[in-house]
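J.: Sequence below, structure please.
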Amino acid sequence: MANPNAYRALSFWHDTAPGAVERRPGLPGDLDVDVAIVGAGYTGLWTAYYLAVADPHLRIAVLEREIAGFGASGRNGGWCSALFPASTAKLAAMAGRDGAIALQRAMHGTVDEVGAVAAAEGIDCHWAKGGTVVLARSRLQLARAEEEVAEARSFGFGEEDLRLLGPNEAHSMLGATDVLGGTYTPHCAAIHPSRLARGLAEAVERRGVKLFEGTEVRSIEPGAARTPAGVVRAGHVVRATEGYSPALPGLHRAIAPVFSLMIATEPLGSDQWDKLGLARRETFSDFRNVIIYGQRTADDRLAFGGRGAPYHFGSRIRPRFDREPAVFAKLERVLAELFPAIAGIGVTHRWGGPLGIPRDWCASVGLDRSTGLAWGGGYVGDGVGTSNLAGRTLADLILGKDTELVRLPWVDHRSRPWEPEPLRWLGVNGALRLALLADRSEARTGRPSRAAAALRHLIGG
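T.: Below you'll find the predicted structure:
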């Protein structure tokens with residue numbers, strides 16, 4: 001995909017990023033470096049950035065099949081949040097209470113770290129730290145909100161981290177229908193994802209990192225990343241390929257690529273925003289089972305997305321999977337249900353892409369010191385902030401630093417492989433089906449759904 005117009009068509013974010021979208025030159029041949037990074041999404045770029053800052057003499061190469069930010073880094077919902085895909089309770093069960101709290105505190109700090117680096121490097125990613133409001137639009141959803149706040153309190157997180165909203169305050173933040181309450185956390189910023197990815201790419205190049213685009217890595221092995229153009233030899237090789245990992249030998253069952261789709265409306269007028277709210281550009285969601293997410297963009301559009309697209313047999317990724325008309329239509333219906341005042345508003349962009357889900361829904365970073373192979377990913381859609389923590393942690397691991405980051409419980413965590421097909425197809429799509437059934441049942445009965453309980457069991461919640 002060398003056509004700049006084709007890259008712009010990947011998402012609203014790519015389409016509205018400034019400047020030309022031109023692919024950098026590819027790898028010219030064999031190369032020797034200290035660190036080779038496979039993938040120029042957020043994980044790869046943050047890792048390169050922190051390594052280059054810590055040791056300007058390091059020889060670092062980033063290898064990317066398409067362009068920087070091609071995948072989820074340039075197509076996501078634009079939430080730089082403190083969300084980690086595994087809950088604090090799940091982390092505590094895995095690694096102990098103190099480790100779980102430390103990881104969540106690190107995620108809180110990560111939000112500000114991204115903003116600070118963007119400011120220091122002159123990256124105008126439309127940063128707006130307005131926090132996140134999650135609406136409760138039924139009695140059952142309100143109970144979930146209360147449970148979430150109670151769990152946060154049980155781990156020592158106070159009102160300054162997460163608080164319960166009454167109906168009036170929640171509605172004043174986001175003027176949706178049927179608002180009974182919700183939660184609010186300040187630990188999130190709305191961003192323009194492609195601007196951040198492209199800005200990071202330029203920042204690492206200024207620091208001497210070699211970024212080769214249009215360079216497909218066919219295999220990763222100790223000491224080498226192999227491409228059709230040549231072999232990149234390195235003491236450390238970092239896999240930062242997220243949802244695209246199954247294409248690499250030996251990783252077919254490591255990650256399940258699941259598609260999340262989005263739409264963006266035409267810009268809304270000030271009268272419409274007076275009714276909708278989001279005055280500080282808060283990001284937003286609600287407590288249904290099928291995940292939805294949205295933000296007010298810097299140019300006053302609603303960018304809105306959700307899960308619902310199927311997993312494709314054999315972990316296949318194809319451009320046509322980014323476009324599911326039925327899912328786009330559902331997103332438009334949900335948007336009209338939430339905000340009847342803008343029903344029928346024009347939708348200017350529709351897009352999607354794969355995100356990476358490990359078998360236990362728990363992201364991880366790590367370094368095998370015996371081979372020099374490192375990795376980071378499995379963000380389950382929470383990668384904008386988490387990838388920054390991954391980059392800082394990978395840099396410390398590679399440089400052999402003994403820091404608080406390298407002792408966090410996700411470091412060297414290894415998720416078990418996904419089941420072989422057709423069990424993987426049945427399991428992933430079964431989880432999606434359960435979420436849909438749960439929402440329908442709860443809307444009809446107003447009672448907790450057995451499907452929701454089965455979903456939590458399936459994903460290890």
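J.: Now do the strands in the stretch 1-150 of the chain.
T.: Using DSSP state E, counting those that start in this stretch, the strands assigned to the stretch 1-150 of the chain run over residues 31-38, 60-63, 79-81, 132-136.
J.: Among these, which comes closest to Glu159?
T.: With C-beta to C-beta as the criterion, Glu159 lies closest to strand 132-136 of these, at 14.8 Å. From N, CA and C alone the C-beta is placed, and that goes for glycine too.
J.: Give the helix, strand or coil label for Asn349.
T.: In this structure residue 349 is His, not Asn. strand (DSSP: H, G, I helix; E, B strand; the rest coil).
J.: rewinding a little: between the strands of the stretch 1-150 of the chain, which one is nearest to Ala190?
T.: Closest approach to Ala190 among these (C-beta to C-beta): strand 79-81, 7.0 Å.
J.: how about TSV for the strands of the stretch 1-150 of the chain, with distance to Leu103 and mean neighbour count added?
T.: As requested, these are exported to TSV (distance: least, C-beta to C-beta, whole Å; neighbours: other C-beta atoms under 10 Å):
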stretch	distance to Leu103	mean neighbour count
strand 31-38	23	23
strand 60-63	26	26
strand 79-81	14	27
strand 132-136	18	26
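J.: closest to Met107 out of these?
T.: Comparing these by their distance to Met107 (C-beta to C-beta), the top pick is strand 79-81, with 8.1 Å.
J.: returning to that earlier point: redo the strands of the stretch 1-150 of the chain as CSV? Include distance to Ile292 and mean pLDDT.
T.: What follows is the strands of the stretch 1-150 of the chain, written out as CSV (distance: least, C-beta to C-beta, whole Å; pLDDT from 0 to 100):
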stretch, distance to Ile292, mean pLDDT
strand 31-38, 32, 98
strand 60-63, 33, 98
strand 79-81, 12, 98
strand 132-136, 10, 98
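J.: Could you save those as JSON lines and add columns showing distance to Gly182?
T.: Below are the strands of the stretch 1-150 of the chain laid out as JSON lines (distance: least, C-beta to C-beta, whole Å):
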{"stretch": "strand 31-38", "distance to Gly182": "39"}
{"stretch": "strand 60-63", "distance to Gly182": "40"}
{"stretch": "strand 79-81", "distance to Gly182": "16"}
{"stretch": "strand 132-136", "distance to Gly182": "4"}
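J.: So which of those strands is nearest Glu113?
T.: Judging the strands of the stretch 1-150 of the chain by C-beta to C-beta, what sits closest to Glu113 is strand 79-81, at 9.7 Å.
J.: mind checking how far the closest one is from the chain centre?
T.: Its chain's average C-alpha position is 8 Å from that of strand 79-81, according to C-alpha atoms, centre = their mean, to the nearest Å.
J.: cool, stretch 226-239 as well?
T.: In this view, stretch 226-239 has its centroid 26 Å away from the chain centroid, taken as C-alpha atoms, centre = their mean.
J.: Dump the C-alpha coordinates for that stretch into CSV.
T.: These are the backbone C-alpha positions of stretch 226-239, laid out as CSV (Å, rounded to 0.1, in the frame of the first residue of the first chain):
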residue,chain,number,x,y,z
ARG,A,226,14.8,-11.2,8.5
THR,A,227,13.3,-9.2,5.6
PRO,A,228,13.2,-9.7,1.9
ALA,A,229,15.6,-6.7,1.6
GLY,A,230,18.2,-8.1,4.1
VAL,A,231,18.9,-9.3,7.6
VAL,A,232,19.0,-6.8,10.5
ARG,A,233,21.4,-8.2,13.1
ALA,A,234,21.0,-6.9,16.7
GLY,A,235,21.8,-7.9,20.2
HIS,A,236,18.2,-7.2,21.1
VAL,A,237,15.1,-7.7,18.8
VAL,A,238,11.8,-6.2,20.0
ARG,A,239,8.5,-7.5,18.7
